[in-house]
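Asks: Below is the structure, and that's it, no one-letter string:
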């Protein structure tokens, strides 16, 4: 799935996130982010969401990185297309 950086998932889903990126994924460094709250690592450049930890080597081990949809991995995110359609 190609993430379109809408920020919807980062704001709308329950997920466990890394608290301090300089430490990485350790049991005492993972916190719960409830749905309806924005991930503390998220910022925006215009309409595009930007994740401050996306380029960390350990990011591939997070639930955020593993999130996908049933279509091909080369398909645009359906939710991102829907959300961004209303913002444009």
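Replies: Sure, I can see it. This is a predicted model, so every value here is computed, not measured.
Asks: I figured residue 37 hits residue 11, correct?
Replies: Yes: if you go by Cβ atoms under 8 Å, residue 37 and residue 11 touch, sitting 7.2 Å apart. Just so you know, the C-beta spots here come from the backbone N, C-alpha and C atoms, and that holds for glycine as well.
Asks: These two: who's more crowded?
Replies: residue 11 (16 against 12; other Cβ atoms under 10 Å).
Asks: Now do the phi/psi pair for the more buried one.
Replies: Note on residue 11: its backbone torsions stand at phi -100, psi -30 [degrees, to the nearest 10].
Asks: For it, which non-adjacent residue is spatially closest?
Replies: residue 38 (4.9 Å; Cβ to Cβ, 6 or more residues apart in numbering).
Asks: what's the spacing between that neighbour and residue 74?
Replies: 28 Å (Cβ to Cβ, to the nearest Å).
Asks: neighbour count winner among these two?
Replies: Between residue 38 and residue 74, counted using other Cβ under 10 Å, residue 38 has the larger neighbour count: 14 against 7.
Asks: Look at the more buried one and give its secondary structure.
Replies: Here residue 38 is recorded as coil under DSSP: H, G, I helix; E, B strand; the rest coil.
Asks: My read is that it contacts residue 8, right?
Replies: No: at 10.8 Å, residue 38 does not count as touching residue 8 under the criterion of Cβ under 8 Å.
Asks: how about the helices in this structure?
Replies: Assigned by DSSP state H, the chain shows helices spanning 8-12, 63-66, 78-87.
Asks: Next up, the contacts around the residue nearest to residue 11.
Replies: 7, 10, 11 (Cβ atoms under 8 Å, 6 or more residues apart in numbering).
Asks: and residue 10, how many neighbours does it have?
Replies: With other Cβ under 10 Å as criterion, residue 10 counts 20.
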